[in-house]
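Novice: Output the structure for:
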Amino acid sequence: MVHLSNDAIQKPIRQVKWIPLLNNIIKVNVDGSSLSNPGRSSFGGLIRNNNGDWLLGFSGFCGITSCLAAELYAIFHGLRIAYDAGHMNIILESDSRMALDSIMSDVQAHHPHAPLISQIA
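Specialist: As a prediction, this is how the structure comes out:
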């Protein structure tokens with residue numbers, strides 16, 4: 001029998017706050033989700049101005065796919081919506097190191113998400 005005390009499950013407290021951006025910069029926060037890997041997947045995000053005010057939000061369904069693909073779809077749509085709204089100075093935030101590394105590296109043509117990654121990069 002396993003017995004957990006409150007001390008064992010408490011997480012450290014982290015202070016989170018908005019750090020104001022320069023006037024001409026916006027922030028795009030994205031996330032993708034998959035119920036399995038692969039499974040029914042969706043994505044979403046929001047776009048905020050330099051004061052942290054909400055400008056736009058978005059979400060979508062991306063079919064039966066992987067969690068990596070869902071995150072890449074979130075990044076693609078977030079950036080596309082920001083560009084279409086006329087924003088050029090963008091900070092993108094994603095919780096997927098794998099998605100960000102895929103975009104920043106030279107993706108191989110045989111990578112399963114190469115077409116999507118090439119549209120982002």
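Novice: If you count contacts, what does the top helix by length along the chain end up packed against?
Specialist: In the chain, taking DSSP state H as the definition, the longest helix is helix 67-84. Secondary structure elements in contact with helix 67-84, counted by 3 or more Cβ pairs under 8 Å, 6 or more residues apart in numbering; DSSP states H and E, are strand 26-34, strand 39-48, strand 54-65, strand 90-93, helix 97-104, helix 114-120. Every residue, glycine included, has its C-beta placed from N, CA and C.
Novice: tell me which residues of that helix are tucked away?
Specialist: Buried residues in helix 67-84, counting neighbours by 16 or more other Cβ atoms under 10 Å, are found at 67-79, 81-82.
Novice: nearest to Phe43, of those?
Specialist: Ala74 (3.6 Å; Cβ to Cβ).
Novice: Distance of the closest residue to Ser59 other than its chain neighbours relative to Gly60?
Specialist: Here the nearest residue to Ser59 in space, its sequence neighbours aside, is Gly44; by Cβ to Cβ, 6 or more residues apart in numbering that works out to 3.6 Å. According to Cβ to Cβ, to the nearest Å, Gly44 stands 7 Å off from Gly60.
Novice: give the contact list for the nearest residue to Ile90 once chain neighbours are set aside.
Specialist: Nearest in space to Ile90, with sequence neighbours left out and distances taken as Cβ to Cβ, 6+ apart, is Ala82 at 5.3 Å. By Cβ atoms under 8 Å, 6 or more residues apart in numbering, the contact list for Ala82 reads Ile26, Val28, Ile47, Leu56, Ile90.
Novice: Run a quick neighbour tally on the fourth one.
Specialist: Right, Leu56. Using other Cβ atoms under 10 Å, Leu56 has 16 other residues around it.
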